[in-house]
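Visitor: build the 3D model from these lines:
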Amino acid sequence: MNRNPKASTLLSVAMLVAAGIALAGILRSGDTAMGANPQTMSSTNAPVGPTPTIAVPLGASIANARTQLAQQNPGWADFIAAVETANVQQVVRFLDWQSHSCAGPKGGDAPLCSSLGAAVGTSIAMFPEDDRGALPLPKDQLGEAMFYRDRTSLETSLTQLLSGRHPTLELVLQGNDNQLYLSFSLDAEQNPVSGAPVVSVSFRAPDPKTPTVRVFAEGVQSTTPFEVVRGQQRQGYTFDIWGISDQLRSRELAVHQERYDSPAHNAPPTR
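Guide: Numbering: from 1, shown residues only. A predicted model of the protein is given here:
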């Protein structure tokens, strides 16, 4: 089939513009009712419904987010480069390792002590993964489904997540408690355990001036970081967007349309 390259390019641009305009309407809908500042995602009143009401500031590009991160600490550029090049050995240098006990014979939230050649109850340097992808969270809080990984387990997990998946920074948020949330898009691939298509990996950092991350999580196709953001907003936790990629904007739009604009969602209740 013959294709007109110029026509195809113009059509692609038109579709991207249309998607961007539609997403802007979705993300900004309800700002006045919520009392939201159009330059942040902060709101003076909690959302009253499930419809997204996040305001994205103009100019919140990933390029601007990279610049803003580098201004906080040049080390962030090194962390981002390590993730985007799937250099796991470099990524682990930025992790806030924690002392955590290995699991006994019945299992638990960490590798088995027997697999590590350690006695039951031995504390080992580990790093937490939130199995439910519940990021971002308020400072000094961990999720409800944390699994603590020793270095070998963590390196294996990160290698599986990043290698050959073209990780690319897609979102940078700062919470009103000062901590950062960084999300990287990935080529979609199924989680070998759950079977869910994983499309992103996210990290939470306590302080923007220190390039150290405290926890990570996978992100699946059926949701976006904004799903968590909206839930946190209802608890009074607020955010500023430093940068969001066009790819994530489009994915958020698709998730919104499937979840909130579908006939099943808008159908009248049955008795």
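
Visitor: where does the stretch 151-271 of the chain have low pLDDT?
Guide: Screening the stretch 151-271 of the chain residue by residue with the criterion pLDDT under 70, one finds the ranges 256, 259-271.

Visitor: can you pull out the strands in it?
Guide: Assigned strands in the stretch 151-271 of the chain, in chain order: 168-175, 180-190, 197-205, 215-220, 239-244 (criterion: DSSP state E, counting those that start in this stretch).

Visitor: list the helices and strands the first one packs on?
Guide: It stands for strand 168-175. helix 62-72, helix 75-84, strand 180-190, helix 225-233, strand 239-244, helix 246-260 (3 or more Cβ pairs under 8 Å, 6 or more residues apart in numbering; DSSP states H and E). C-beta: built from backbone N, CA, C; applies to glycine.

Visitor: may I have the longest one as PDB, with CA atoms only?
Guide: Extracted C-alpha coordinates of helix 246-260, given in PDB (Å, rounded to 0.1, in the frame of the first residue of the first chain):
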ATOM      1  CA  ASP A 246       3.400  13.900  25.800                       C
ATOM      2  CA  GLN A 247       3.300  10.100  26.000                       C
ATOM      3  CA  LEU A 248       1.900  10.100  29.500                       C
ATOM      4  CA  ARG A 249      -0.600  12.800  28.700                       C
ATOM      5  CA  SER A 250      -1.900  10.500  25.900                       C
ATOM      6  CA  ARG A 251      -2.000   7.500  28.200                       C
ATOM      7  CA  GLU A 252      -3.800   9.400  30.900                       C
ATOM      8  CA  LEU A 253      -6.400  10.500  28.300                       C
ATOM      9  CA  ALA A 254      -6.900   6.900  27.100                       C
ATOM     10  CA  VAL A 255      -7.300   5.600  30.700                       C
ATOM     11  CA  HIS A 256      -9.700   8.400  31.500                       C
ATOM     12  CA  GLN A 257     -11.800   7.700  28.400                       C
ATOM     13  CA  GLU A 258     -11.900   3.900  29.000                       C
ATOM     14  CA  ARG A 259     -12.700   4.300  32.700                       C
ATOM     15  CA  TYR A 260     -15.000   7.400  32.800                       C
END
